[in-house]
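Asks: Sequence plus the predicted model coming up.
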Amino acid sequence: WERSSVGTVIDTRIAPCECSPVGGVNHGRAPERADGAHGVVTLVRVPSMPPVRVLIVGGGASGVLTAARIMDATHARPARVTLVEEGGRLAAGVAYGTEDAAHLLNVRASGMSADPSDPDGLVRWIAARGQDDPDTFVARRDFRDYLLEHLDRAVAAAPPAEPAVRTARVDHVEVPADRT
């Protein structure tokens with residue numbers, strides 16, 4: 001840990017690149033600027049910065065993956081992510097809400113991952129549970145558990161965060177005048 005004039009240095013890493021084809025992620029390469037130069041950024045925690053506040057309506061697979069990605073992306077700032085899920089069970093929407101082990105994914109494990117930068121994540125997850133075949137079709141309920149563990153890891157790795165799950169139905173969202 002080093003001290004900077006702005007705050008506490010928390011990490012030095014390859015910077016995301018706007019020219020990247022996938023959501024600003026440059027897959028481990030140093031970012032290329034318009035002038036062809038590459039660089040590394042230093043992330044700094046600035047104590048006076050308020051947390052990033054995000055409301056995600058819908059706690060199915062997409063909501064869980066969005067929350068995990070936000071937690072991953074807020075490196076230097078804490079995040080207050082609220083998932084609103086009417087049913088109260090995360091990652092258990094129509095696709096993955098089943099408890100029937102015979103309901104399988106329609107894509108092999110080797111073709112699924114919660115994190116595009118880690119395409120073998122699901123394969124490693126099932127291997128740790130005794131399933132060594134990357135070409136297997138995983139039960140949908142097991143994929144739900146994998147998604148929930150992915151979210152748990154993202155929350156644990158994030159700066160102090162305030163994730164919350166609310167059981168409610170959202171019919172209207174109003175942004176206050178001060179946009180907080």
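Replies: Happy to help now that I have it. Because the structure is predicted, anything quoted here is derived from the model rather than measured.
Asks: When you work out contacts or count neighbours from here on, use the C-alpha atoms and nothing else.
Replies: OK.
Asks: and stretch 59-75, average pLDDT?
Replies: Average pLDDT, stretch 59-75: 89.
Asks: And stretch 129-148, by the same measure?
Replies: 97.
Asks: Could you pull out the buried residues of it?
Replies: Within stretch 129-148, the residues scored as buried using 16 or more other CA atoms under 10 Å are 134, 136-144, 146-148.
Asks: Out of those, flag the one nearest to residue 114.
Replies: Proximity of those to residue 114 was ranked by CA to CA; the top entry is residue 147 with 6.6 Å.
Asks: How much space separates the nearest residue in space to residue 127 that is not next to it in sequence from residue 110?
Replies: Nearest residue to residue 127, sequence neighbours excluded (CA to CA, 6 or more residues apart in numbering): residue 133, at 7.7 Å. For residue 133, the distance to residue 110 equals 9 Å [CA to CA, to the nearest Å].
Asks: before we move on, the earlier item: which of the helices or strands spans the residue nearest to residue 127?
Replies: In this assignment (DSSP states H and E), residue 133 forms part of neither any helix nor any strand.
Asks: What of residue 83?
Replies: Counting by DSSP H and E, residue 83 is part of strand 79-84.
Asks: CA-only coordinates of that strand in PDB, if you can.
Replies: C-alpha atoms of strand 79-84 as PDB (Å, rounded to 0.1, in the frame of the first residue of the first chain):
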ATOM      1  CA  ALA A  79     -21.000   0.000  -4.200                       C
ATOM      2  CA  ARG A  80     -24.500  -0.100  -2.900                       C
ATOM      3  CA  VAL A  81     -26.200  -2.500  -5.200                       C
ATOM      4  CA  THR A  82     -29.900  -3.400  -4.500                       C
ATOM      5  CA  LEU A  83     -31.500  -6.300  -6.300                       C
ATOM      6  CA  VAL A  84     -35.300  -6.200  -6.300                       C
END
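Asks: Name all residues that sit in contact with residue 133 and residue 110 at the same time.
Replies: Residues touching both residue 133 and residue 110 by CA atoms under 8 Å, 6 or more residues apart in numbering: residue 123.
Asks: In the chain, where's the longest helix?
Replies: In the chain, taking DSSP state H as the definition, the longest helix is helix 140-157.
Asks: count of residues packed around the closest residue to residue 92 other than its chain neighbours?
Replies: In this structure, residue 92 finds its nearest non-sequential neighbour in residue 60, 5.4 Å apart by CA to CA, 6+ apart. Residues lying near residue 60 (other CA atoms under 10 Å) number 24.
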